[in-house]
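*Asks:* just to be clear, the model below is a prediction. Sequence and coordinates:
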Amino acid sequence: MSKAKAAKAKTTSREPRSSTARLSHDLSWAQVHKSIIRIDCKLAHTNDAVEFLLRGDAHHDNPHSDHEKQREDLQEAQRRGAGIIDVGDLFCAMGGRADPRRSRHGVTREEHVEAPDYFDSLVRHNAAFLRPFAHNIIGLGMGNHETSVRKNQETDLTARLVERLNTLEGTSICNAGYGCYYAIGIELHGCKTTSWLHVFHGSGGGGMMSFDTLRVRRQSSFHPMADVLVCGHVHERWALETTRIVPSAMAGVYRIRHIPQWHVRTGTYKQEFDMAGGFHFERGAPPKPIGAMWMKVSMITQYESERGEDARQRYPKFEFTPT
């Protein structure tokens with residue numbers, strides 16, 4: 001074999017690699033506290049915006065997980081230069097020995113059924129799938145599937161996946177835990193503003209009629225400073241706006257401001273609705289929205305009367321669109 005052919009064979013046998021980082025507006029991040037991830041970006045123009053892909057409940061190793069839709073959304077995030085935030089249950093991981101659902105046929109994909117190192121196989125395949133997009137991933141969260149494995153099998157799949165991707169790609173993906181805050185710092189024309197996004201994987205069943213909206217007021221009561229609250233878990237997808245009343249006093253000027261607070265559910269990539277039968281359909285559950293949610297953050301300028309003069313204030317504007 002010639003040297004050229006040998007080099008080509010060696011190249012094609014390697015795991016897929018990501019291209020160089022495709023991030024817009026100098027997007028960067030760092031874990032500044034065990035429960036806070038700081039994100040920074042710079043907008044050059046007033047009509048610019050930074051985008052994020054909010055996704056969760058991929059259940060990547062489940063036979064019902066839609067890999068094509070996942071890849072489509074991740075490629076679009078890469079094309080837009082968007083940051084990617086995952087809110088947990090990236091793994092399904094129901095085939096371990098301590099799991100009562102451990103019959104691997106039907107609960108795990110074929111590539112893992114006969115794997116002697118089942119959990120290692122899950123990490124390897126997930127890393128290979130996400131590796132081309134690693135430079136856009138800000139944080140990977142944990143869901144109840146990952147915490148169940150950590151409790152019963154004494155291994156942290158999320159930590160292992162984060163470590164593997166960061167080692168392979170030299171990235172700075174953060175382990176976001178079951179919940180955390182993202183402090184989104186935006187600079188425009190020298191003015192810096194920080195918005196707070198809170199992520200919690202979720203709990204409970206969501207509710208056939210309420211779609212998990214009953215959690216909105218409860219979460220608002222103990223996360224009053226969050227501009228956006230994001231959950232997964234219930235496999236619903238929506239964005240709901242509420243309003244906070246915020247008094248302020250600065251330099252002898254008193255104001256009452258009405259500030260939006262957004263509540264978001266990220267959807268799922270697990271398509272398990274089948275009228276022919278199966279656990280999901282037989283318990284009377286409906287089809288679930290497949291995909292994730294785009295979050296677009298821009299800055300708007302408002303003029304407020306201050307001591308008889310107009311004062312210009314800049315505030316973040318959030319927009320949400322299903323993928």
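*Replies:* Arrived safely, thanks for sending.
*Asks:* can you give me the strands for the protein?
*Replies:* 28-33, 36-43, 49-55, 83-86, 137-141, 174-177, 179-188, 191-200, 228-231, 237-250, 253-266, 293-306, 309-322 (DSSP state E).
*Asks:* between the first one and strand 36-43, how many degrees?
*Replies:* Just to be clear, that refers to strand 28-33. Interaxial angle, strand 28-33 versus strand 36-43 (axes from the mean of the first three to the mean of the last three C-alpha atoms, to 10 degrees): 150 degrees.
*Asks:* deepest in the core, which of the strands of the chain is it.
*Replies:* strand 83-86 (a mean of 26; mean count of other C-beta atoms under 10 Å). For the C-beta atoms, the positions are set from N, CA and C on the backbone; glycine is no exception.
*Asks:* who does that one pair up with?
*Replies:* strand 49-55 (parallel), strand 137-141 (parallel) (DSSP bridges).
*Asks:* show me the shaky parts of the stretch 101-250 of the chain.
*Replies:* Within the stretch 101-250 of the chain, the ranges that satisfy pLDDT under 70 run 101-107.
*Asks:* can you do 80?
*Replies:* 101-111, 113-114 (pLDDT under 80).
*Asks:* re the thing from before, any chance of the strands paired with strand 83-86 in TSV, with distance to residue 182 too?
*Replies:* Shown next, in TSV, are the strands paired with strand 83-86 (distance: least, C-beta to C-beta, whole Å):
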stretch	distance to residue 182
strand 49-55	9
strand 137-141	7
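*Asks:* for residue 124, which of those strands is the nearest?
*Replies:* Taking C-beta to C-beta, strand 137-141 is the member of those nearest to residue 124, at 15.5 Å.
*Asks:* now the closest one and strand 179-188, what's the angle there?
*Replies:* Here the directions of strand 137-141 and strand 179-188 differ by 160 degrees (the same axes, to 10 degrees).
*Asks:* what's strand 137-141 in contact with?
*Replies:* 29, 37, 39, 52, 56, 83-88, 90, 130, 158, 161-162, 165, 171, 173-180, 182, 199, 201 (C-beta atoms under 8 Å, 6 or more residues apart in numbering).
*Asks:* now with 6 Å?
*Replies:* Strand 137-141 is contacted from outside by 29, 37, 83-88, 158, 162, 173-174, 176, 201, using C-beta atoms under 6 Å, 6 or more residues apart in numbering.
*Asks:* confirm for me that residue 64 is in contact with residue 271.
*Replies:* Yes - in terms of C-beta atoms under 6 Å, residue 64 counts as a neighbour of residue 271; the distance is 5.4 Å.
*Asks:* follow-up on the earlier one: which one of the strands paired with strand 83-86 lies closest to residue 212?
*Replies:* strand 49-55 (15.1 Å).
*Asks:* show me how far the closest one is from its chain's centre.
*Replies:* How far strand 49-55 lies from its chain's middle: 9 Å, per C-alpha atoms, centre = their mean, to the nearest Å.
*Asks:* ok and it relative to strand 253-266, angle-wise?
*Replies:* 40 degrees.
*Asks:* can you put the strands of the chain in TSV and add distance to residue 126?
*Replies:* Formatted as TSV, these follow (distance: least, C-beta to C-beta, whole Å):
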stretch	distance to residue 126
strand 28-33	21
strand 36-43	20
strand 49-55	13
strand 83-86	11
strand 137-141	10
strand 174-177	14
strand 179-188	20
strand 191-200	19
strand 228-231	21
strand 237-250	22
strand 253-266	18
strand 293-306	21
strand 309-322	24
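*Asks:* please name the residues that touch the closest residue to residue 216 other than its chain neighbours.
*Replies:* Nearest non-adjacent residue to residue 216, counting by C-beta to C-beta, 6 or more residues apart in numbering: residue 263, 4.8 Å away. Residues near residue 263 by C-beta under 6 Å, 6+ apart: 216, 229, 240.
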